[in-house]
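A.B. asks: just coords:
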């Protein structure tokens, strides 16, 4: 991926990211798991891998995404926009795995979707379609 999230996750957040996230019902769209320092994000219904992000420690503490790849087979993932993919990768980790509100990222997702599709679909519909829900732990 040519565009990567610039966020630095705390050491505590990295520990939680490493635990991953398993979808528990039909409204959840993502399964996330970690092997070593690579975080894999798969669509829950199909099992298709969409993102793989390699994390690296940051001097002074915390973790950042050092590199990432995104699926480009149109039969598996329709995304083709680098900015959208960057937002989606960070949003799944922040909102789904960590359970954060991620309001700014959600707003960016809606803006990018509307720009690319020319649609003025409701924000909630756009978010649910791409991101899904997160069950309370």
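C.D. replies: Perfect, I can see it now. What you see is a predicted model; the values in this text were computed from it and never measured.
A.B. asks: Residue 9 against residue 61, yeah?
C.D. replies: No. Applying CB atoms under 8 Å as the test, residue 9 and residue 61 come out as separate, 10.3 Å apart. Using the backbone N, CA and C atoms, a C-beta is placed for each residue, glycine as well.
A.B. asks: which of the two has more neighbours?
C.D. replies: Each of residue 9 and residue 61 has its neighbours counted (other CB atoms under 10 Å); residue 9 has more, 21 against 10.
A.B. asks: List the residues that contact that one.
C.D. replies: 17, 55, 62, 63, 64, 93 (CB atoms under 8 Å, 6 or more residues apart in numbering).
A.B. asks: Which positions within the biggest helix by length in the chain qualify as buried?
C.D. replies: Using DSSP state H, we find that the single longest helix of the chain is helix 103-117. Residues 105, 106, 108, 109, 110, 112, 113 are the ones in helix 103-117 that count as buried (16 or more other CB atoms under 10 Å).
A.B. asks: Show me the two of those that sit farthest apart.
C.D. replies: 105 and 113 (12.5 Å; CB to CB).
A.B. asks: residues shared between the contacts of the two?
C.D. replies: Shared contacts of residue 105 and residue 113 (CB under 8 Å, 6+ apart): none.
A.B. asks: Quick one: list the elements packing against the least confident helix or strand in the chain by mean pLDDT.
C.D. replies: None of the helices or strands of the chain scores lower by mean pLDDT, DSSP states H and E than helix 123-130, at a mean of 88. For helix 123-130, the packing partners by 3 or more CB pairs under 8 Å, 6 or more residues apart in numbering; DSSP states H and E come out as helix 103-117.
A.B. asks: Perfect, that will be all.
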